[in-house]
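sequence and computational prediction follow.
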Amino acid sequence: MHTGGHILSEFDSALKAFKEKTINIGCLAQQNLEGSLQGLFDRNTELCNKVIADDEDVDQLEISIDDDGFIIMSKYRPFASDLRVVVASMKITNVIERISDHAVSIAKRSRKLIRSPELPEVSLIEPIFKHANSMLTDALTAYSDGNQDLALSVISADVELNKLHKKATKQLTKCLEGEAAAHKSYLHLVFISRWLERVGDLAVNIAEDVVYMETATDIRHGGELPE
Amino acid sequence: MVASPTSQDSSTDPALINIDDLGFSYNQGKTETIQGVSLHCPEKQVTAFIGPSGCGKSTLLRCINRMNDLVETSKITRGSINIMGQDINAPDVDAIELRKQVGMVFQKYNPFPKSIYENVAYGLRIQGIKNKSTLDEAVERALKGAALWDEVKDRLKDSALGLSGGQQQRLCIARTTAVSPKVILMDEPCSALDPIATAKVEELISELRRDFTIVIVTHSMQQASRISDNTAFFYLGELVEYGDTNKIFSNPSVKQTEDYISGRFG
């Protein structure tokens, strides 16, 4: 018995291409997220507009990945770890698409912020973004490398992100109690902080799917960690 | 060398068939086709045997009703098979009597060149049942149980050979169940059938598990995953892994099983 490739080499190629496409959509969504925040920090409307336009590519790729997944399942009837790769990838793709939607929301708020006078409180967003983006990088790398330990570290990292979001919201709420002219801008920042916190949650979802893909253990909603 | 089986008890339900360290040879013990296999098949459940050609799954199936006795040089080299607590290879066990309790359905449907009615009644007649109404009732019950009654009730006297392939296979199943065995062995029962006939036989197997303990050999992973409660994977005469079917097909414990079911095996 050999334990190399599939008896149908075509299946191996299809599965490899499918995974690569999933990695690709992850990279595009992350680029959008980074672009939306870079647009905010650099007060660059062009960058924000690009993020909003590029989301269309993510949407189309999501549909294409779902199609490929269905074709692989109906054509090759995968079992065990192969089946988990297909199912997990389709779920992860859906989560990634939502991350890109959050990037679009951030880009739209950033455009509004850019039109108003610059606020020093924008700097409150930077550590939240860095942490959320790092969680997303790790979740996507864990998927790409099939790294269960890295996936589990993403789940642990969410606690810190929640703290950062809470801290920023607290400060921004204080600001809202003061100067009325910048109220709208502070609200935009509260929303951006909230969406970044959601990106962290979605990175956790990706990580949970990676753990399932690698170990067949469903750790969602308090499920036990794999041995 | 294959790994040790991870489980011999697939479920906590009481086992009807207990195979313990079974060795079997086709050449008087010079080489073993089955090497120390132990597994327990729970009552009124479907157990699937899977594995590549030559792994010993059909040989093991035929050991369960001593069909291998027909091969002159065959020999049980070690271990035992107990059905309902009785060692089936004990000297006082009559193979013909055993086969009344352990029926078999083959890969190629093989109805007798008789009428539909006579095919089903055949086993009962051999048992000495002559009463017409008893036979009528038994034939109707068996044909209904095989989901064939509605299709043949108006032509019971027609030749069985005029039925379609799928109908002939279901007739063979009815012939087997008519004598009320405890166990039904099926050796690739759908391999000669089209998808619709296969689906009907699979549905039938799901129904039959209410009354019978079924052991099925199949080359179709999808079929094993659909119809069985427990699955045993064999390789080179050894049991590699035995367990709950959902577990075997979603997350097998042994890499060789994963390689086989996912097509990484050649």
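Thanks, I have it. Numbers count the residues shown, from 1 in each chain, chains lettered A, B, ... in the order given.

run a quick neighbour tally on A:Asp159.
Heads up, residue A:159 is Val, not Asp. As a burial measure, A:Val159 scores 9 neighbours (other C-beta atoms under 10 Å in any protein chain shown). Where C-beta positions appear, they are placed from N, C-alpha and C, glycine not excepted.

confirm it sits in a helix?
Yes - judged by DSSP: H, G, I helix; E, B strand; the rest coil, A:Val159 forms part of a helix.

for it, report the pLDDT, please.
Listed pLDDT for A:Val159 reads 97.

now swap in the one 3 residues further on and tell me
Each residue has a pLDDT score; the one for A:Asn162 is 98.

wait, what's in contact with the spatially closest residue to it that is not a sequence neighbour?
Closest residue in space to A:Asn162, ignoring its immediate chain neighbours: A:Glu197 at 6.5 Å, by C-beta to C-beta, 6 or more residues apart in numbering or on different chains. Going by C-beta atoms under 8 Å, 6 or more residues apart in numbering or on different chains, A:Glu197 touches A:Ile128, A:Ala132, A:Leu161, A:Asn162, A:His165.

name the element A:Glu197 belongs to?
For A:Glu197, the host element (DSSP states H and E) is helix A:183-215.

kindly report the same for A:Ala142.
Going by DSSP H and E, A:Ala142 is in helix A:125-145.

elements contacting that helix?
On a contact count with 3 or more C-beta pairs under 8 Å, 6 or more residues apart in numbering or on different chains; DSSP states H and E, helix A:125-145 meets helix A:9-42, helix A:80-115, helix A:148-177, helix A:183-215.

starting at the chain centroid, how far to that helix?
8 Å (C-alpha atoms, centre = their mean, to the nearest Å).

so where is the chain shaky, pLDDT-wise?
In the absence of a named chain, this looks at chain A. A:1-3, A:179 (pLDDT under 70).

meant chain B, my bad for not saying
Checking chain B against pLDDT under 70 turns up B:1-13, B:266.

near chain B at all, stretch A:15-26?
No - legend: contact between stretch A:15-26 and chain B by C-beta under 8 Å from any C-beta of the partner chain is lacking; minimum distance shown is 10.3 Å.

what are the buried residues along that stretch?
A:Leu15, A:Phe18, A:Lys19, A:Lys21, A:Thr22, A:Ile23, A:Ile25, A:Gly26 (16 or more other C-beta atoms under 10 Å in any protein chain shown).

and the helix holding A:Ala142, C-alpha only, in CSV?
Provided in CSV are the C-alpha atoms of helix A:125-145 (Å, rounded to 0.1, in the frame of the first residue of the first chain):
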residue,chain,number,x,y,z
ILE,A,125,-7.6,52.2,16.3
GLU,A,126,-4.1,51.3,15.4
PRO,A,127,-3.4,48.7,18.1
ILE,A,128,-6.8,47.1,17.5
PHE,A,129,-6.1,46.9,13.8
LYS,A,130,-2.7,45.4,14.3
HIS,A,131,-4.0,42.8,16.7
ALA,A,132,-7.0,41.8,14.5
ASN,A,133,-4.8,41.7,11.4
SER,A,134,-2.3,39.5,13.1
MET,A,135,-5.1,37.1,14.2
LEU,A,136,-6.3,37.0,10.6
THR,A,137,-2.8,36.4,9.3
ASP,A,138,-2.3,33.5,11.7
ALA,A,139,-5.8,32.1,10.9
LEU,A,140,-5.1,32.1,7.2
THR,A,141,-1.6,30.7,7.7
ALA,A,142,-3.0,28.0,9.9
TYR,A,143,-5.4,27.1,7.1
SER,A,144,-2.7,27.1,4.4
ASP,A,145,-0.2,25.1,6.5
